[in-house]
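1. quick one, what's the 3D model for this:
(chains A and B)
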Amino acid sequence: MQTFRWLVQTLVTLGTNSYLLFPFGSVIYQGPLKAVCHPGLNCYSCPAALLSCPVGAVQNFVASLRFSAPGSWPHLGTMVIGYLGFIGTLVGRLPCGWFCPFGFIQDLLFKIRSPKFALWAPLRWVKYGVLVILVLLLPLLLIDRYGLGQPWFCKLLCPSGTLLGAIPLILVKPDLWQTLGFYFWNKITILAILLVTAVFISRPFCRVLCPLGAFYGLFSRMTLVHLEYIPGNCVQCQACVRVCPTGVKPYEDAHSPECIMCLRCLDACAFHALDFGLRQYMGDRPGSKPVNS
Amino acid sequence: MPKRAIWLIILFTLLFLLGVNTGDLEFLNNLGNTICLSCIGVG
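-> Next comes the predicted model:
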């Protein structure tokens, strides 16, 4: 399963960033696919990106809510909210484990041989603050004289945008160097810290700071596709806990908002105490852990 | 509970369709076709 997951992650990362003509023409892809949001975190200012970023899209919709030309109707962004909510309700944080390019990069870094450390559990709540404050409130409240806000998560924090967007952009357009200031160097510092941390701690950005993961995680307890714990088969060997990249204990909470559905626990369990599939309409199978309502 | 999930899927599908029919698609297309320099902290 993990080999298949690596393949999917590789294909999605390369496939959704496959506009290779950018050095020869327009700096970014400007075709119709830009109207489609990537299910993971992928900056649409990346010169090679084919799709838009869902978090960037939400911020821009929110930022434009109080800006309106006379007689025009504000765009509420329900298309993106519906899209993200649909994915979240269907599969929860599965895009984090299978489709997100920056999650994939962190997985690769964690494979570097080094001492490994656990993450202090309360830090997982920070990403909900990032979602509410940087993605929703600041773009709505900090507006210019025309009523237009800015995408503060992109400007202040997003390491995916820095790595996949900012760095390639300034390499392709050297005249952008003169515009670099505090915000850019702040983000470079954050990116460097996260990339180094990802060698020692699994998926630090996903667990602590990612607003998209926070949003998808809101649906974890009601997804149509889910991880199922079968307590009758479990011998508490902890094999699932040892392999989990986000610190979940499936025998305690198989529907945790931290679970990115990478299914490493499924592979690790030798006693068939874990299963993955459609949530049964009439409830879980006999002997399995009751679904949280 | 699967019923709640199904109702949510219906709700989010309706929100998606509402957005498509109120110009969100054009807004997103324009957004994606414009170089956003927020990734380097400009603009």
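2. any regions of chain B where pLDDT drops low?
-> B:1, B:32-35, B:37, B:40-43 (pLDDT under 70).
3. mind checking what secondary structure whichever residue of the stretch 151-293 of chain A sits closest to chain B has?
-> Of all residues in the stretch 151-293 of chain A, A:Tyr183 sits closest to chain B, with a separation of 2.3 Å (C-beta to the nearest C-beta). Heads up, the C-betas are built off the backbone N, CA and C, glycines and all. Classification of A:Tyr183 by DSSP: H, G, I helix; E, B strand; the rest coil places it in helix.
4. that one contacts A:Leu157, correct?
-> No: if you go by C-beta atoms under 8 Å, A:Tyr183 and A:Leu157 don't touch, sitting 10.1 Å apart.
5. okay, and the common contacts of the two?
-> The contact sets of A:Tyr183 and A:Leu157 do not overlap (C-beta atoms under 8 Å, 6 or more residues apart in numbering or on different chains).
6. related to what we said a few turns ago, against B:Asp24, how distant is the residue of the stretch 151-293 of chain A closest to chain B?
-> 28 Å (C-beta to C-beta, to the nearest Å).
7. which of the two has more neighbours?
-> Just comparing A:Tyr183 and B:Asp24: by other C-beta atoms under 10 Å in any protein chain shown the higher neighbour count belongs to B:Asp24, 25 against 20.
8. against chain A, how distant is the more buried one?
-> Relative to chain A, B:Asp24 is positioned 4 Å away (C-beta to the nearest C-beta, to the nearest Å).
9. please name the nearest non-neighbouring residue to that residue.
-> Counting by C-beta to C-beta, 6 or more residues apart in numbering or on different chains, A:Met79 is the residue found nearest to B:Asp24 once chain neighbours are left out, at 3.7 Å.
10. and the pLDDT for that neighbour?
-> pLDDT recorded at A:Met79 is 92.
11. check contacts around it.
-> A:Met79 neighbours (C-beta under 8 Å, 6+ apart): B:Leu15, B:Phe16, B:Leu18, B:Gly19, B:Val20, B:Asp24, B:Leu25, B:Leu28.
12. wait, a helix at it?
-> Yes: applying three-state DSSP, one finds A:Met79 inside a helix.
13. and the strands in the stretch 151-293 of chain A, which stretches?
-> A:225-229, A:274-278 (DSSP state E, counting those that start in this stretch).
14. report the distance from the last one to the chain centre.
-> Taking C-alpha atoms, centre = their mean, to the nearest Å, the mean C-alpha location of strand A:274-278 is offset from the chain mean by 22 Å.
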